[in-house]
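Peer 1: quick one, structure for this:
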Amino acid sequence: MKEIKQVKLGFNKNAEVMVVADIEMKEDSDLDSLFLCFFTILQPPLRLSVITTGCLNDHLAKIYNQDVAHINKMMEDNEQMYGAMIQQSTEQLLTFGEEQNKVVLDSAKNAEQASAILASMLKHGYYIQKTRYHFPTANTQKQEQKVDISQLKPAFKTMLEICKRWNDPKLLEELQ
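Peer 2: From the prediction side, this is the model:
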């Protein structure tokens with residue numbers, strides 16, 4: 001992967017959260033197509049944020065002090081170990097993340113929008129991620145998947161509560 005070009009956040013006609021990402025790939029044979037997508041509350045200003053981390057193999061190589069070729073080979077030959085590395089390194093990988101979208105919690109309208117995003121994911125138990133991979137000379141490839149958020153429900157409920165209380169002075173004190 002060369003870079004994550006853009007990420008759009010919205011709803012489909014069924015009120016399911018959609019994350020649509022355009023990814024620019026290094027070369028036509030590039031295998032490093034995975035990226036992480038995080039929903040979180042950040043401040044200042046108080047906001048619901050979508051952060052993505054791409055180029056996972058490059059970052060894993062730095063984290064584990066390995067050659068990228070070694071990480072690429074592991075990705076191809078040992079998917080379980082590769083997946084475990086990503087899971088064990090999630091917090092470190094987040095440090096390489098970029099904020100792609102945000103809903104600033106500075107008005108009732110924005111708080112409702114952020115709440116609707118979180119409530120939809122809690123109701124459905126997932127969000128839909130559509131990815132378009134743009135290769136230098138090959139055709140664009142599209143992928144769509146439902147990303148399960150069941151293990152993140154407690155965190156999403158907390159974020160929803162923050163969105164609902166966006167202008168509560170006590171909440172703002174607690175977050176300081």
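
Peer 1: quick one: residues in contact with the longest helix along the chain.
Peer 2: Taking DSSP state H as the criterion, the chain has its longest helix at helix 108-124. The contact list for helix 108-124 (C-beta atoms under 8 Å, 6 or more residues apart in numbering) reads 9, 11, 15-17, 39, 47-48, 103-105, 127, 149, 153, 156-157, 159-160, 163-164, 166-167. In this view, the C-beta of every residue, glycine as well, is placed from N, C-alpha and C.

Peer 1: in strands, which of these fall?
Peer 2: When the contacts of helix 108-124 are checked against strands (DSSP state E), the matches are 9, 11, 17, 39, 47, 48, 103, 104, 127.

Peer 1: and for the third one, the neighbour number?
Peer 2: It refers to residue 17. Per other C-beta atoms under 10 Å, the neighbour tally for residue 17 reads 24.

Peer 1: likewise for the fifth one?
Peer 2: Residues near residue 47, counting by other C-beta under 10 Å, number 20.

Peer 1: isn't it right up against residue 41?
Peer 2: Yes: the pair residue 47 / residue 41 is scored as a contact, 7.1 Å apart, by C-beta atoms under 8 Å.

Peer 1: contacts only, for residue 71.
Peer 2: By C-beta under 8 Å, 6+ apart, the residues touching residue 71 are 57, 60, 61, 64, 82, 85.

Peer 1: okay if I get the ones in strands among the contacts of helix 108-124 as a markdown table plus pLDDT?
Peer 2: As requested, those are exported to a markdown table (pLDDT from 0 to 100):
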| residue | pLDDT |
| --- | --- |
| 9 | 97 |
| 11 | 97 |
| 17 | 98 |
| 39 | 97 |
| 47 | 97 |
| 48 | 98 |
| 103 | 97 |
| 104 | 97 |
| 127 | 98 |
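
Peer 1: chain neighbours aside, what residue packs nearest to the residue nearest the centre of the chain?
Peer 2: Nearest residue to the geometric centre of the chain (C-alpha atoms, centre = their mean): residue 37, 1.0 Å. Nearest residue to residue 37, sequence neighbours excluded (C-beta to C-beta, 6 or more residues apart in numbering): residue 52, at 5.3 Å.
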